[in-house]
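# quick check, what structure comes out for this input:
(one chain, ligands or ions: 1)
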Amino acid sequence: MDERDGAIIDLDGVGKGAKHLLVWGEAVDVDILGTLPKLESLEIYKIRSRDLPKVARLGELRLPALSLRFWSEPDLSAFRPPAGLTELTIWQSNKLVSLDGIEAAADLETLVLNDNGRLQSLKPLQALARLSALYISGGIWTKQETDGLEGLERLEGLRRLQLRGIDGRGVDLTPVARMSNLEWLDLWARDFAMEEVAKVAAAHPFLRKRLLDLEDYGLADSMGLCGKCGTRKKQMFLKGRKFLWCPDCERKGIDRLLGQFAEAVEQARRDLGLPASGSSPG
Ligand SMILES: [Zn+2]
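Numbers count the residues shown, from 1 in each chain. Sure thing, here's the model as predicted:
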């Protein structure tokens, strides 16, 4: 079993008890993988175009979790999901722009999309009746681009949603506000216009509460401490930027911003036709 960059380049000699494997695309060998009865997850470190026929044969396997990196096709029509696949990760695949073909993974419960090409549409996900968790995020240095989030509101089984590191310019968050069964949401408010965040906060009070519970600035460096009184600053992400405030000396600024946000939430509530909630924040 040889490795390069910590990923396996030759499956010969992999123990029969292997549960998790990280392999290069060129090393994917369904004939060997099919002899590993305990295998639960397979991460393919790097898929090149010439590896696609090997990867397509994964459809012959039964496997709960699969991760694909460097998928080099514009959509997933060449994807042959293993039987029983419940968790799929696709990351750092900048050629991937369409989810067409994902409907073949009919058992999918969790989908992780990280740092891929500009996502054209989420509508293909409507074919996945069991999908309950969707995580969409950008890379360390890049924002995930999207043509919009329309269709999310129709994924009635979706309980968990992450939107972090999204290029949110011009993105309408109404579909997120219209989601009916959301239990957990990780949305980076800084990625979107305040009016859009307000829509989501109006519909999902747990997000509004989290935004208004001002966190301490993470670092106790000169940026994080008030120059006047030395108090740890609070941070808030709104209007596409980060605000740092001293909770003592700059209370007025905090209150002004929170007031603007509260107004935007009220406006969004009216626009979306949501009932007024009894508990107003702050
Ligand atoms: Zn201060």
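
# what residues does the protein have near the ion?
Selection of the chain residues close to the ion by Cβ under 5 Å from the ion yields 226, 228, 229, 231, 246, 248, 249. All C-beta atoms are positioned from the backbone trio N, CA, C, and that covers glycine.

# residues contacting the second one?
Same thing as residue 228. 246, 249 (Cβ atoms under 8 Å, 6 or more residues apart in numbering).

# look up phi and psi at it.
phi -90, psi -50 (degrees, to the nearest 10).

# ok, now how distant is the residue nearest to residue 203 when sequence neighbours are not counted from residue 213?
Of all residues not flanking residue 203 in the chain, residue 177 sits nearest, at 3.9 Å (Cβ to Cβ, 6 or more residues apart in numbering). According to Cβ to Cβ, to the nearest Å, residue 177 and residue 213 sit 20 Å apart.

# and what of residue 180?
From residue 180 to residue 213 the distance is 25 Å (Cβ to Cβ).

# burial count for residue 142?
By other Cβ atoms under 10 Å, 13 other residues sit near residue 142.

# is it correct that it falls within a strand?
No - going by DSSP: H, G, I helix; E, B strand; the rest coil, the assignment for residue 142 is coil, not a strand.

# can you pull the contacts of it?
By Cβ under 8 Å, 6+ apart, the residues touching residue 142 are 115, 165.

# for the residue of the stretch 51-200 of the chain found nearest the ion, which non-adjacent residue is spatially closest?
Closest residue of the stretch 51-200 of the chain to the ion, Cβ to the ion: residue 190 (23.2 Å). Of all residues not flanking residue 190 in the chain, residue 237 sits nearest, at 3.9 Å (Cβ to Cβ, 6+ apart).

# any idea how far the closest residue to residue 35 other than its chain neighbours lies from the ion?
Closest residue to residue 35 apart from its sequence neighbours, by Cβ to Cβ, 6+ apart: residue 16 at 7.2 Å. Here the criterion is Cβ to the ion, to the nearest Å. By it, residue 16 lies 63 Å from the ion.

# and residue 275, by the same measure?
In this view, residue 275 and the ion are 39 Å apart by Cβ to the ion.

# return the distance of that residue relative to residue 161.
For residue 275, the distance to residue 161 (Cβ to Cβ) stands at 22 Å.

# which one's more surrounded, the two?
The neighbour comparison of residue 275 against residue 161 (other Cβ under 10 Å) goes to residue 161, with 22 against 6.

# list the contacts of that one.
For residue 161, the contact set (Cβ under 8 Å, 6+ apart) comprises 133, 134, 135, 152, 176, 179, 182, 184, 185, 186, 187.
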